[in-house]
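# Here is a sequence with its predicted model. Questions after.
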2 protein chains.
Amino acid sequence: MKVNGTAMIVTRKYSISPETIKRMITYLRYLEIQKKKGIRIISSKDVTSYLNVPPEQFRKDLSFFGGFGKRGVGYEVERLIKTIKKILGLDRKTRAILAGAGRLGAALIQYPGFSGINMDIIAAFDNDAGKIGKQLKSTRIYDIRNIGSFIRKSRVRVAFLCVPADSAQSVADSLVRAGIKGILNFAPVALVLPAGVYVGNVDMASEIGNVVYHMKITN
Amino acid sequence: MKVNGTAMIVTRKYSISPETIKRMITYLRYLEIQKKKGIRIISSKDVTSYLNVPPEQFRKDLSFFGGFGKRGVGYEVERLIKTIKKILGLDRKTRAILAGAGRLGAALIQYPGFSGINMDIIAAFDNDAGKIGKQLKSTRIYDIRNIGSFIRKSRVRVAFLCVPADSAQSVADSLVRAGIKGILNFAPVALVLPAGVYVGNVDMASEIGNVVYHMKITN
DNA sequence: TAGATTGTTAATCGATTAACAATC
DNA sequence: TAGATTGTTAATCGATTAACAATC
């Protein structure tokens, strides 16, 4: 679809799978590397060659949003990067808060892989008096009792949930009451939350369990 | 299937999806909680009620391995826990090593969610002279140049890969050369490794990107 | 034009959900 | 027996892969 000579990005509501979205970020990452190498034009085959993804998958994923390449030629690297960023909402800074400033939270806040996805972690929260008032990198740690009022004032909508399993649900509830709409949950619990709140789960124990299972059957 | 009056666990090679395996671990986790509460018998409905999973999914998942419940009654909690552990290979300790003892690796090694999946992280490796010789909890940090010989001597088969993105592939190569068969990769790169090596990926940037995308479309 | 590569439709595959007979 | 709940088969749904016409 073309409008004024530029490809139009179709913003779809729902219906696009998380798998597609997550793959798009791996494409983006690889494209950035190629761009740094000075590559200007790239084919679907080249983009996916190191990603364990078939080229058709790449074209299919993009096709949910529009057509961004030139038949017979390929894709303009720089333009495609901009397009994918716009599709994913990574062209603007997204502010987020961190609930739980333990080891995992601290690792997360300083995770180098975040460069390029344009996140701004504006505050961290913990219930440990020894941590409150300190800084994690450039992020200040506040008393978790003030998390609700902070969310309301700052109107932040995304949170990383890194508190222990047994308090995850109650902390999540207070996040949502204050207006958080997207949570990336690292606690090994399935959160029960109202519709309209998007929850992504990173369950490291089950990822490891999956690897262990494969070790067992490959004996 | 019954053999000598006890349900037989069918060990399948491949063909069982990672989704099923990962869900099994969430079942296990919930069953452990119920067991601590003194619950002895549980239905598929009860197991899944807090897991955002339909009860049929639970029964289907189990059915890949056998039948472990009593029709009209439910499942014996303690017995089911033991069975799932055995199916997943969590009834025995699995030894693993940590490659990359940065913040993420340190968080991982001390992750409380690991209790219950029976992992023994027997050594950590890093290239930072300031870290080598130190301990992470009870795990000693060694020079990463010795990781190959350590793997060969100890015959460990599972590794957590927490090194920076740009060295992930080369470290993974040396892990595999030394005999590692299962890797949980936290670096934001797609590893290219020979068949027979199982790689699980935890890509935190793309998980966050997925949440951000959902924020964007829910506006 | 001939060759290359996209964008999209169709076919396949696999996973989830529904339904229900078996049976406690 | 009547009610409950499993285990499994069948139906549905969605995602991946294949194929190919469009077109640069």
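Everything's here; your move.

# can you map out the strands along chain A?
Secondary structure of chain A (DSSP state E): strands located at A:2-3, A:6-7, A:41-42, A:75-76, A:94-99, A:119-126, A:135-136, A:139-143, A:158-161, A:182-185, A:198-201.

# and of these, who's closest to DNA strand C?
When these are compared by CB to the nearest atom of the strand, strand A:75-76 sits nearest DNA strand C, at 5.8 Å. Yep, even glycine has a C-beta here, placed from its N, CA and C like the rest.

# Paired strands for the closest one, with orientation please.
Strands that pair with strand A:75-76, judged by DSSP bridges, come out as strand A:41-42 (antiparallel).

# now the partner strand: mean pLDDT?
The average pLDDT within strand A:41-42 is 98.

# Would you map the helices across chain A?
For chain A, applying DSSP state H gives helices covering A:18-36, A:44-48, A:55-63, A:77-88, A:103-109, A:147-154, A:165-178, A:204-217.

# ok, the closest residue to A:Tyr27 other than its chain neighbours - contacts?
For A:Tyr27, ignoring the flanking residues on the chain, the nearest one in space by CB to CB, 6 or more residues apart in numbering or on different chains is A:Val47 at 5.9 Å. Taking CB atoms under 8 Å, 6 or more residues apart in numbering or on different chains as the criterion, A:Val47 is in contact with A:Tyr27, A:Tyr30, A:Leu31, A:Gln34, A:Pro55, A:Phe58, A:Tyr75.

# didn't the second one look like it was pressed against A:Asn52?
No - the pair A:Tyr30 and A:Asn52 does not pass the contact test of CB atoms under 8 Å, sitting 11.5 Å apart.

# picking up where we left off before, make JSON lines out of the strands of chain A and add distance to B:Val192.
Converted to JSON lines, the strands of chain A look like this (distance: least, CB to CB, whole Å):
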{"stretch": "strand A:2-3", "distance to B:Val192": "37"}
{"stretch": "strand A:6-7", "distance to B:Val192": "32"}
{"stretch": "strand A:41-42", "distance to B:Val192": "18"}
{"stretch": "strand A:75-76", "distance to B:Val192": "22"}
{"stretch": "strand A:94-99", "distance to B:Val192": "31"}
{"stretch": "strand A:119-126", "distance to B:Val192": "28"}
{"stretch": "strand A:135-136", "distance to B:Val192": "34"}
{"stretch": "strand A:139-143", "distance to B:Val192": "35"}
{"stretch": "strand A:158-161", "distance to B:Val192": "30"}
{"stretch": "strand A:182-185", "distance to B:Val192": "28"}
{"stretch": "strand A:198-201", "distance to B:Val192": "26"}
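
# mind giving me JSON lines with those and columns for mean neighbour count?
Output for those, formatted as JSON lines (neighbours: other CB atoms under 10 Å in any protein chain shown):
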{"stretch": "strand A:2-3", "mean neighbour count": "9"}
{"stretch": "strand A:6-7", "mean neighbour count": "13"}
{"stretch": "strand A:41-42", "mean neighbour count": "18"}
{"stretch": "strand A:75-76", "mean neighbour count": "20"}
{"stretch": "strand A:94-99", "mean neighbour count": "23"}
{"stretch": "strand A:119-126", "mean neighbour count": "21"}
{"stretch": "strand A:135-136", "mean neighbour count": "15"}
{"stretch": "strand A:139-143", "mean neighbour count": "18"}
{"stretch": "strand A:158-161", "mean neighbour count": "26"}
{"stretch": "strand A:182-185", "mean neighbour count": "24"}
{"stretch": "strand A:198-201", "mean neighbour count": "20"}
